[in-house]
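Asker: Okay, sequence plus prediction incoming.
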Amino acid sequence: MSFLDIFETQVIVFIIFHKQKMKLIIKPAKNLKGEVEAPPSKSYTHRAIILASLARGESKIYNPLLSADTFASIDACKAIGAKVVIDEKNNCLIINGNPELDVPKTIIDVKNSGTTIRLMTSVLSLCDKKVTLTGDSSIQKRPMQPLLDALRELGVKTESDNGTPPVSVTGPMRGGKCQIRGDVSSQFISGLLISSPMSGNDTTIEIMKSLKSKPYLKMTLHLVEQFGVEIENRNYKKFFINGGQEYLAGNYDVEGDYSSAAFILGAGALTDSEIKIKNLLNNSKQGDKIFLDILEKMGAEIEIYEDYVIIKGSGKLNGIEIDLSQYPDLVPVVAALAALSRGKTTIKNIEHVRYKESDRVHAIATELKKMGARVTELKASLEIQGVEKLKGAEVCGWNDHRIVMALAVAALRAEGKTVIDAAETIDVSFPDFHGVMKELGVEIEVE
């Protein structure tokens, strides 16, 4: 069987698997111990796939995350004419890019991947034909209007009934000047940064209002530079991009994901544990690396090395006041830890976290309260008064991988078993989550 056949087979298996409704059943744990590897970075994998697909020639993406979200980006890039093959022997994706963006398909379904639809809406604006992007019911609630407004300023015709998907774009993007809000999603800006170098003219992007999730823009700029394109960054308030640039094919090694590793680290912090997590780089540009600082502030013992981290947990954490405006993916897991910490925790400036796969502010507050947590939900913050133990319960995962995994972490300090639905969504970012947790000693089953 060829690598292409293997790839297509895995996609079919994934689609069948992903449609199945699953539950996690978790029993409390006192001690966790072991050595595991962080899954590859989802954010870096998305960007590397897309940039390699825009480069002429062959690129190899080593150690990629193959998950629901990244398969969506792979499929979207195949739709623009890129050839993508999985090389299982060498653990890499072999991508032959197509900078001409030959798009035979006029409708692209991104399933549940918000990153894919936001980055690829800009990329597909380079085409000279109308292309429509859509996704599942969750994607069809995600705001897109700020990006559509910016694209129109750059000469792209856009269509959307209410500023949410399905959205249609007709290019080609001609460049020029545009303004875009920075307080809804940094993914809008990342999409513009990726596509603008390939437009016919120079582009200036001005950021309006406060910029949220800046670390993700740092990642985008890092990857764009790795693939041979230059962008002038003026303190994340303005970007100047020369048009007519070309991405250069090359090889890229995806590092471990601090966002996903946060759930392993959180599990260690809540229990009497010693866990070594490999493939976490100390010099990483990932914003969610700050979770190590958060854990130390809450009282966990962390040892940081060049490419791995050791957490020595005691289960004794203290409440803190923390601004997570730049780190939205950490909100659910920090809330889970706060529910079992001494004193009060306030998580501030997180209104934009309501516009993810779910309203994560409301979702985590609602489900933790079912488990006996003392949570007050405000418009842009959560106030959590910690308790000694939670209680096992049947809780809802809100079809959101990070809500499911955060509840799984909280369940480790709950009396009795906890049942979490929507467990199939974990495949979006951390397909082997339950396997890793089981390896560390958690009694966890998939039903």
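Answerer: Arrived safely. What you are looking at is a predicted structure, and each value in this text was computed from that prediction instead of being measured.
Asker: my read: Asp87 touches Ile94, true?
Answerer: Yes: at 5.4 Å, Asp87 counts as touching Ile94 under the criterion of CB atoms under 8 Å. In this view, the C-beta of every residue, glycine as well, is placed from N, C-alpha and C.
Asker: Who has more neighbours out of these two?
Answerer: Between Asp87 and Ile94, counted using other CB atoms under 10 Å, Ile94 has the larger neighbour count: 18 against 15.
Asker: With adjacent residues omitted, what lies nearest to Asp272?
Answerer: Asn31 (5.0 Å; CB to CB, 6 or more residues apart in numbering).
Asker: what about the one you found, distance to Met144?
Answerer: Distance from Asn31 to Met144, counting by CB to CB, to the nearest Å: 46 Å.
Asker: got it, and Gly313?
Answerer: From Gly313 to Met144 the distance is 41 Å (CB to CB).
Asker: what does Lys129 give?
Answerer: Distance from Lys129 to Met144, by CB to CB: 19 Å.
Asker: so what's Glu415 up against?
Answerer: 28, 389-392 (CB atoms under 8 Å, 6 or more residues apart in numbering).
Asker: whoops, I mixed them up, Arg152
Answerer: Counting by CB under 8 Å, 6+ apart, Arg152 has contacts Thr158.
Asker: So it lies in a strand, does it not?
Answerer: No: assigned with DSSP: H, G, I helix; E, B strand; the rest coil, Arg152 falls outside any strand and is helix.
Asker: what's the pLDDT at it?
Answerer: Looking at Arg152, its pLDDT stands at 98.
Asker: Contacts only, for Leu382.
Answerer: Contacts of Leu382 (CB under 8 Å, 6+ apart): 331, 335, 338, 345-347, 350, 361, 364-365, 375-376.
Asker: how far does stretch 251-266 sit from the chain's center?
Answerer: 11 Å (CA atoms, centre = their mean, to the nearest Å).
Asker: Now the terminal residues of that stretch, how far apart.
Answerer: Length of stretch 251-266, first residue to last, CA to CA, to the nearest Å: 33 Å.
Asker: Name the residues of it that are buried.
Answerer: Buried positions in stretch 251-266, judged by neighbour count with 16 or more other CB atoms under 10 Å: 252, 254-266.
Asker: In strands only, show me those.
Answerer: Counted as lying in strands by DSSP state E, out of these, are Tyr252.
Asker: Can you show me the helices along the chain?
Answerer: For the chain, applying DSSP state H gives helices covering 3-19, 42-54, 68-79, 114-124, 145-153, 186-195, 214-226, 258-269, 291-298, 331-338, 360-370, 401-411, 433-439.
Asker: buried residues in the second one?
Answerer: Yep, that's helix 42-54 we're talking about. 42-54.
Asker: now do stretch 438-447
Answerer: 440-442, 444.
Asker: likewise stretch 101-120?
Answerer: For stretch 101-120, by 16+ other CB under 10 Å, it's 101, 103, 108-120.
Asker: Out of those, which two are the most distant from each other?
Answerer: Maximum pairwise distance in the buried residues of stretch 101-120, criterion CB to CB, is 24.1 Å, between Leu101 and Asn112.
Asker: Point out the least confident one among the buried residues of stretch 101-120.
Answerer: For the buried residues of stretch 101-120, the pLDDT minimum is Val103, 83.
Asker: Contacts only, for it.
Answerer: Contacts of Val103 (CB under 8 Å, 6+ apart): 79-81, 124, 127, 129, 131.
Asker: Narrow the residues you listed to those that are buried.
Answerer: 79-81, 124, 127, 131.
Asker: tell me the strands in the stretch 101-250 of the chain, going along the chain?
Answerer: Ranges of strands in the stretch 101-250 of the chain, per DSSP state E, counting those that start in this stretch, are 107-109, 130-134, 157-159, 167-170, 176-181, 203-208, 232-234, 238-241.
Asker: now, of these, which is deepest in the fold?
Answerer: Neighbour counts (mean count of other CB atoms under 10 Å) averaged over each of the strands of the stretch 101-250 of the chain peak at strand 167-170, with a mean of 22.
Asker: on that earlier part again, among the contacts of Leu382, which one lies nearest to Lys23?
Answerer: Closest to Lys23, out of all of those and judged by CB to CB, is Ile364, at 18.1 Å.
Asker: so the closest one touches Val334, yeah?
Answerer: No: look at Ile364 against Val334 with CB under 8 Å: they stay out of range, at 9.3 Å.
Asker: higher neighbour count, those two?
Answerer: Each of Ile364 and Val334 has its neighbours counted (other CB under 10 Å); Ile364 has more, 32 against 27.
Asker: hmm, back to that, please say which of Asn31 and Met144 ends up with more neighbours.
Answerer: Using other CB under 10 Å as the criterion, Asn31 and Met144 rank with Met144 on top: 26 against 12.
Asker: Fine by me, we can end here.
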